[in-house]
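>>> quick one, structure for this:
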Amino acid sequence: MADPTETSDSGASSEALGVLRRVFGYDAFRGEQEEIIEHVVAGGDALVLMPTGGGKSLCYQIPALVRPGVGVVVSPLIALMQDQVDALRALGVRAGFLNSTQDLDERRMVEAEFLAGELDLLYLAPERLRLESTMGLLDRGKVSVFAIDEAHCVAQWGHDFRPDYLALSALHERWPDVPRIALTATATDATRREIAARLQLGDARHFVASFDRPNIQYRIVQKNEPRRQLLDLIRTEHAGDAGVVYCLSRKSVEDTAAFLAQQGIEALPYHAGLDASVRAANQSRFLREDGVVMVATIAFGMGIDKPDVRFVAHLDLPKSVEGYYQETGRAGRDGLPSTAWLAYGLQDVVQQRKMIDGSEGDDAHRRRLAAHLEAMLALCETVECRRARLLAYFGQHGDACGNCDTCLTPPVTWDGTIAAQKFLSAVLRLARERRQKFGAGQIIDILLGKRTAKVIQHDHDQLTVFGIGTELSAVEWRGVVRQLLAEGLLAVEGEYGTLVLTDASGEVLGRRREVLLRREPEKKTSRAKSASGGGRSGGRAAAAELPESAVPVFEELRAWRAATAKEQGVPAYVIFHDATLREIATALPDSLDKLGTVGGVGENKLAKYGEQILEVLGALRTTSA
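Below is the predicted model:
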């Protein structure tokens, strides 16, 4: 649940504001939450784009609690429904779900609660709404609002398309008087229009919040033993923190998880090829335990509400900016400092180009995939602020943030025109004189004048371009190739990833186009110094910036929360978020009334946990005295 603070509550309907205070424990709405909620409560349809952690869930939960009937939430992952329902029940909200994990008696009990009006919110997977039995059930009850979460799944060529979402247009046809709210964290203008068209939300109001997540520090580094680079990131900046590491292949997931585990990191694998029970157990540990690192394919992450993920790392290049933004947005949902880290190299570009060439679908589909990749490459290669570039992709303006790698340690550019001409000339001469195509490694060896066995075998030391590139190292040449590929001045061809010229190559060879290249800075940025102003004990960002006297109180409250969560079999954040514990540790309330003024302490949680918290604080006062 987001912490909607630092905003005015002027104009909010008294009933909605009362629910916000009584149930969720907050005094004011944040950003556009108030306007969205009032619009849906009044019966209007809405399409909401709001970044992960921005408070999207309140935009449908409060209308469901204010309007008569039951709010029906379409959620894509049944594995997380239990946790979503547990979190709501901890707030005193009557929530339930229907999915294939339940036996017949459990489903019948939830159906009876729905028909009797004993639920406030009912969670369903999209595939369940394709069953006439489910539609008939909803006909017999009273639905207050339909909420379609992760609505980008309806976009056919989006980053997480799910066919079952296409059938959700039937909601409007069957229940035209029930307001619908579709929500997503990531969508370009084109994707937003596609969502509206496919869900028949043509008359819906669009609410587009800022895509900026200022608490996340974006960093992209050149690959150089990426697992070792990842290990260094965890040990030096995120020791003991929860994190997510994304890899492209299942094998890479398992190898990386095993490597981290061997180095003493609590790391678990997650991908679609694992046994379902193993996936469920690993996901449960990640959600319920502190400091677990999940190494996963993109099959993991959607719908994860864990607020204290301190870093998201990518060991392979994401296929699109939308996917990258969605995945990095799983860090720092609580608003505390977090890291989005990506290791990126030449082989990533070659591999992605090959995958696009070999993908299913028509030429138009491949062009869309190529456009996604080119936008991602532009983000990787930019010498400008990463955050500003990211916002620009989603049609929003952003000034230099001062908290990404390109702001903290600005890269320099150099005139790479001659280097580009040399490399392109080598590709051209191999093709014309020898009718041969090779990958980057062989061409770099030729330019460096290396008489390797392969160079001698093909008489490549007799080419006029042999040895003309000794002013650059092999690593620097790989950077040149990577950027030429990114700019479309080179292309990848065939199963073996050989390099060929493009139409644009002739402009460089003909001296009609200059090529500016990015030189990586030698000095590496340290989050501990640049982002938070000092080191972080044990990597615990949640304790950062607390008064020194409050840190042991915060840690004691975390220990109490962990024990309580384990006893109840729920994730720790279902009890309280770190942000709430931080405020308690700082304010040190000595009565239930004072504790009730803390953000995130609603009536139900105050009644359930208030006395326990006061006991923890009282014991600490006695000890310190």
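
>>> tell me the first helix or strand C-terminal of the lowest-mean-pLDDT helix or strand in the chain.
Within the chain, confidence by mean pLDDT, DSSP states H and E is lowest for helix 527-530 among all helices and strands, at a mean of 40. With elements assigned by DSSP states H and E, the helix or strand that comes after helix 527-530 is helix 551-568.

>>> which helices and strands does that following helix pack with?
Secondary-structure packing of helix 551-568 (3 or more Cβ pairs under 8 Å, 6 or more residues apart in numbering; DSSP states H and E): helix 572-575, helix 578-587, helix 603-624. To be clear about C-beta, it is placed using only N, CA and C from the backbone, and glycine gets the same treatment.

>>> just the angle between the second one and helix 551-568, please?
Okay, so that is helix 578-587. Comparing the axes of helix 578-587 and helix 551-568 via axes from the mean of the first three to the mean of the last three Cα atoms, to 10 degrees yields an angle of 140 degrees.

>>> and helix 578-587, which residues are buried?
Of all the residues in helix 578-587, those buried under the rule 16 or more other Cβ atoms under 10 Å are 578, 579, 580, 581, 582, 583, 584, 585.

>>> could you look up the SS state of the residue nearest to residue 382 when sequence neighbours are not counted?
Spatial nearest neighbour of residue 382, excluding adjacent residues (Cβ to Cβ, 6 or more residues apart in numbering): residue 389 at 5.0 Å. Secondary structure, DSSP: H, G, I helix; E, B strand; the rest coil: residue 389 is helix.

>>> residues in contact with the nearest residue to residue 423 once chain neighbours are set aside?
In this structure, residue 423 finds its nearest non-sequential neighbour in residue 480, 6.1 Å apart by Cβ to Cβ, 6+ apart. Neighbouring residues of residue 480 by Cβ atoms under 8 Å, 6 or more residues apart in numbering: 416, 419, 420, 423, 472, 517.

>>> among those residues, who's most crowded?
Highest neighbour count within those, by other Cβ atoms under 10 Å: residue 423, with 29 neighbours.

>>> return the residues in contact with it.
443, 447, 469, 477, 480, 481, 484, 490.

>>> that one belongs to a helix?
Yes - judged by three-state DSSP, residue 423 forms part of a helix.

>>> from residue 501, how far off is the residue nearest to residue 226 when sequence neighbours are not counted?
Spatial nearest neighbour of residue 226, excluding adjacent residues (Cβ to Cβ, 6+ apart): residue 343 at 4.2 Å. Counting by Cβ to Cβ, to the nearest Å, the separation of residue 343 from residue 501 is 29 Å.

>>> who has more neighbours, those two?
residue 343 (22 against 17).

>>> surely that one forms part of a strand?
Yes - counting by three-state DSSP, residue 343 is part of a strand.

>>> give the contact list for it.
Applying Cβ under 8 Å, 6+ apart to residue 343 gives the contacts 220, 221, 222, 223, 226, 229, 230, 313, 314, 315.

>>> and what of residue 153?
Residue 153 makes contact with 76, 126, 160, 161, 162, 165, according to Cβ under 8 Å, 6+ apart.

>>> would you agree the fourth one falls within a strand?
No - according to three-state DSSP, residue 161 belongs to no strand; its state is coil.

>>> wait, it sits on residue 155?
Yes - contact criterion Cβ atoms under 8 Å: residue 161 and residue 155 qualify, at 6.2 Å.

>>> the two: who's more crowded?
Ranked by neighbour count (other Cβ under 10 Å), residue 161 and residue 155 place residue 155 first, with 25 against 13.

>>> sketch out the low-pLDDT regions of the stretch 201-350 of the chain for me.
For the stretch 201-350 of the chain, the stretches with pLDDT under 70 are 303.

>>> and the strands in it?
With DSSP state E, counting those that start in this stretch as the criterion, the stretch 201-350 of the chain has strands at 205-208, 216-222, 242-246, 267-270, 293-296, 309-314, 338-344.

>>> deepest-packed of the ones you listed, please.
Highest mean neighbour count among the strands of the stretch 201-350 of the chain (mean count of other Cβ atoms under 10 Å): strand 293-296, with a mean of 28.

>>> give me the sheet partners of that strand and which way each runs.
Strand 293-296 sits in its sheet next to strand 242-246 (parallel), strand 267-270 (parallel), going by DSSP bridges.

>>> closest one to residue 39 among those?
strand 242-246 (33.6 Å; Cβ to Cβ).

>>> distance from the chain centre to the closest one, please.
In terms of Cα atoms, centre = their mean, to the nearest Å, the centre of strand 242-246 is set 10 Å apart from its chain centre.

>>> that one versus strand 338-344: what angle between them?
For strand 242-246 against strand 338-344, the angle by the same axes, to 10 degrees is 20 degrees.

>>> then the helix or strand hosting the residue nearest to residue 423 to CSV, C-alphas only?
Element membership for residue 480 (DSSP H and E) is helix 474-486. Extracted C-alpha coordinates of helix 474-486, given in CSV (Å, rounded to 0.1, in the frame of the first residue of the first chain):
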residue,chain,number,x,y,z
ALA,A,474,40.4,-4.7,-27.9
VAL,A,475,38.0,-3.5,-25.2
GLU,A,476,37.8,0.0,-26.8
TRP,A,477,37.1,-1.6,-30.2
ARG,A,478,34.3,-3.7,-28.7
GLY,A,479,32.8,-0.4,-27.4
VAL,A,480,33.1,1.0,-30.9
VAL,A,481,31.3,-2.0,-32.4
ARG,A,482,28.6,-1.9,-29.8
GLN,A,483,27.8,1.7,-30.5
LEU,A,484,27.9,1.3,-34.3
LEU,A,485,25.3,-1.5,-33.9
ALA,A,486,23.3,0.7,-31.6
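
>>> next, the buried residues of that helix.
476, 477, 478, 479, 480, 481, 482, 483, 484, 485, 486.

>>> what is the next helix or strand after it packed up against?
For helix 474-486, the succeeding helix or strand toward the C-terminus, using DSSP H and E, is strand 490-493. If you count contacts as 3+ Cβ pairs under 8 Å, 6+ apart, strand 490-493 packs onto helix 346-357, helix 417-433, helix 474-486, strand 498-501.

>>> separation between residue 343 and residue 377?
Counting by Cβ to Cβ, the gap from residue 343 to residue 377 is 15 Å.

>>> before we move on, what about residue 78?
As judged by Cβ to Cβ, residue 78 and residue 377 stand 36 Å apart.

>>> neighbour count for these two, which is higher?
Set residue 78 next to residue 377 and count neighbours by other Cβ under 10 Å: residue 377 wins out with 22 against 19.

>>> still on that earlier bit, tell me the one of the buried residues of helix 474-486 nearest residue 20?
Relative to residue 20, and with distances defined as Cβ to Cβ, the nearest of the buried residues of helix 474-486 is residue 486, at 46.3 Å.

>>> who's in contact with the closest residue to the closest one other than its chain neighbours?
In space, and not counting its chain neighbours, residue 486 is closest to residue 377: 3.9 Å by Cβ to Cβ, 6+ apart. The contact partners of residue 377, taken as Cβ under 8 Å, 6+ apart, are 349, 485, 486.

>>> now residue 377: which helix or strand?
Following DSSP H and E, one finds residue 377 within helix 363-381.

>>> enumerate the positions of that helix that are buried.
368, 369, 370, 372, 373, 375, 376, 377, 379, 380, 381.
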